[in-house]
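Chemist: how would this look folded up:
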Amino acid sequence: MNKLLVQSLAIGGGGFFGAVARFLVALACGRFFGTNFPIGTFVINISGSLFLGWFLVAIGDRVTVSDTTRLAVATGFVGAYTTFSTFMYESNALLKEGSANKAMVNLIGSLVAGLLAVRLGAHLGGR
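Modeler: Reported below is the predicted structural model:
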């Protein structure tokens, strides 16, 4: 098999697991916290940021993985797991329904917490 095909299959496999993980985390958050606020998307974006920061620093500093593995995890799994487009859609829906405060908490909270999570993940990955 050629390298591009193998990498594409690895990304697709990682994406499958990331999409399933996203579904399960969102479902669990909705059941636990309710659905008045898109907490599932928030948790997914923050945990995905934490994981990506940790993973990319860890493989850059301590653990050697193949380009195919890096693509499967970072592009496939995390790419399917995190939900920026859903985050934007849900924030817009909050604005449209007149919940500007909730929309701003979701937008600003996700940006600040996501940045902090990436930094924490990078710190943990560098240990």
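
Chemist: Please, where are all the helices along this structure?
Modeler: Ranges of helices in the chain, per DSSP state H, are 3-33, 39-61, 67-70, 78-81, 84-96, 100-125.

Chemist: Switch these over to JSON lines; also include mean pLDDT and mean neighbour count.
Modeler: All C-beta atoms are positioned from the backbone trio N, CA, C, and that covers glycine. Listed next are those as JSON lines, based on pLDDT from 0 to 100; neighbours: other CB atoms under 10 Å:
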{"stretch": "helix 3-33", "mean pLDDT": "97", "mean neighbour count": "15"}
{"stretch": "helix 39-61", "mean pLDDT": "92", "mean neighbour count": "20"}
{"stretch": "helix 67-70", "mean pLDDT": "94", "mean neighbour count": "15"}
{"stretch": "helix 78-81", "mean pLDDT": "96", "mean neighbour count": "21"}
{"stretch": "helix 84-96", "mean pLDDT": "91", "mean neighbour count": "15"}
{"stretch": "helix 100-125", "mean pLDDT": "96", "mean neighbour count": "16"}
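
Chemist: dump the residue contacts of A10.
Modeler: A10 is in contact with 68-69, 71-72, 76, counting by CB atoms under 8 Å, 6 or more residues apart in numbering.

Chemist: ugh, wrong one, R127
Modeler: R127 neighbours (CB under 8 Å, 6+ apart): none.

Chemist: Can you give me the distance of it to C29?
Modeler: Per CB to CB, to the nearest Å, R127 is found 28 Å from C29.

Chemist: Can you tell me which of the contacts of A10 is closest to W54?
Modeler: T69 (15.0 Å; CB to CB).

Chemist: Spatially, what comes nearest to that closest one if we skip its sequence neighbours?
Modeler: A10 (7.3 Å; CB to CB, 6 or more residues apart in numbering).

Chemist: what about that neighbour, distance to D67?
Modeler: 9 Å.

Chemist: what do you get for Q7?
Modeler: 7 Å.

Chemist: again with N36
Modeler: N36 is 43 Å from D67, by CB to CB.
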